[in-house]
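with the sequence up front, the predicted model follows.
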Amino acid sequence: MKESKYIKVFIAYLIILVIPTIVWAEPKSPKVDIPTITEQNARKFIFTPDKMDIQTINQYIKSRHQILDRLALENSEQVLDAQISFKRYLNSQQLAEVVKRYDVKVQTLNFGWKDNGGGLDIAKDESLEEALIRDHFDHKAFVEELYETASELQKQAITEQDRKREDEFLAHAKELKDIYEKHGVLYYGMRVKGKASKLKAIKDKDSDVRLVDPLWDEREKGLRGIYKIKKIGIPISPYHFKD
């Protein structure tokens with residue numbers, strides 16, 4: 001069990017310091033195509049910040065919402081999986097309020113802060129409330145252990161280069177801990193299952209929602225080439241956070 005916790009801390013260390021350096025070492029061209037996920041049930045739990053230009057992002061949102069509108073028009077009762085992205089970070093109470101407004105089943109919760117994040121799959125017989133409570137305690141234990149580990153590494157640093165690296169790691173760990181202590185777990189998206197009509201209603205009416213992305217394969221209905229932008233199946237980062 002203890003070994004598993006150290007693995008989680010090490011993964012967080014990579015996410016905070018190593019992976020962003022590798023991924024964002026070179027600026028992306030604004031004309032770069034959005035990546036395609038070919039596996040219908042593919043999931044990515046690592047939070048991806050907005051590094052694409054706003055025009056590309058808006059184009060993607062428009063294209064995916066056009067597909068959702070068409071699916072709802074063809075058969076409003078058909079049940080679809082969809083990845084929802086919020087406009088802002090929501091705490092657990094705010095997320096629960098969004099879900100209550102619509103008859104959809106939450107499958108996965110996307111939580112995190114800035115460049116760091118993860119996903120929590122809701123168990124088959126688990127309610128949303130139970131999942132949110134579980135996420136609360138898991139995340140509390142994680143940020144506390146991450147901060148404790150970062151503090152110890154900072155104390156053990158010998159060289160100037162080591163101290164600089166561990167200071168940065170500790171600052172990130174402290175930020176995650178402080179955010180949790182002030183706001184609880186923050187959510188930037190969720191994966192849901194619901195009728196096409198309900199998903200369209202979320203897209204049309206909910207002010208907290210930025211994108212409702214139907215995880216539906218265009219090729220199944222012979223529409224290859226009609227919709228140029230393929231689904232990415234992961235949340236788009238929120239604009240900001242408000243209390």
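The structure has been received and is ready for your questions. Quantities reported herein were computed from a predicted structural model and do not represent experimental measurements.

how about residue 170, secondary structure?
Three-state assignment for residue 170 (DSSP: H, G, I helix; E, B strand; the rest coil): helix.

so residue 134 sits in a helix?
Yes. Read with three-state DSSP, residue 134 is one of the residues of a helix.

show the pLDDT at it.
The model reports residue 134 with a pLDDT of 96.

what of residue 103?
86.

which element is the nearest residue to it once chain neighbours are set aside on?
For residue 103, ignoring the flanking residues on the chain, the nearest one in space by CB to CB, 6 or more residues apart in numbering is residue 198 at 5.5 Å. Using the backbone N, CA and C atoms, a C-beta is placed for each residue, glycine as well. Element membership of residue 198 [criterion: DSSP states H and E] is helix 196-205.

again, but for residue 129
Counting by DSSP H and E, residue 129 is part of helix 128-156.

just residue 87 next, same as before
strand 79-90.

show me what that strand is packed up against.
strand 187-195, helix 196-205, strand 209-214, strand 240-241 (3 or more CB pairs under 8 Å, 6 or more residues apart in numbering; DSSP states H and E).

how big is the angle separating it from helix 196-205?
30 degrees (axes from the mean of the first three to the mean of the last three CA atoms, to 10 degrees).

follow-up on the earlier one: which of the helices and strands packed on strand 79-90 has the lowest average pLDDT?
Minimum mean pLDDT among these: strand 240-241, a mean of 55.

can you find the helix or strand in the chain with the smallest mean pLDDT?
helix 19-23 (a mean of 32; mean pLDDT, DSSP states H and E).

what is the subsequent helix or strand relative to it?
helix 54-74.

angle of that following helix against strand 187-195?
Using the same axes, to 10 degrees: helix 54-74 against strand 187-195 is 20 degrees.

any buried residues in helix 54-74, and which?
56-57, 60-61, 63-65, 67-68, 71-72 (16 or more other CB atoms under 10 Å).

same deal with stretch 140-159?
142-143, 145-147, 149-150, 153-154, 157.

would you turn these into JSON lines with pLDDT and distance to residue 181?
As requested, the buried residues of stretch 140-159 are exported to JSON lines (pLDDT from 0 to 100; distance: CB to CB, whole Å):
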{"residue": "142", "pLDDT": "93", "distance to residue 181": "13"}
{"residue": "143", "pLDDT": "93", "distance to residue 181": "8"}
{"residue": "145", "pLDDT": "94", "distance to residue 181": "14"}
{"residue": "146", "pLDDT": "93", "distance to residue 181": "13"}
{"residue": "147", "pLDDT": "94", "distance to residue 181": "10"}
{"residue": "149", "pLDDT": "94", "distance to residue 181": "17"}
{"residue": "150", "pLDDT": "92", "distance to residue 181": "16"}
{"residue": "153", "pLDDT": "91", "distance to residue 181": "21"}
{"residue": "154", "pLDDT": "90", "distance to residue 181": "20"}
{"residue": "157", "pLDDT": "88", "distance to residue 181": "25"}
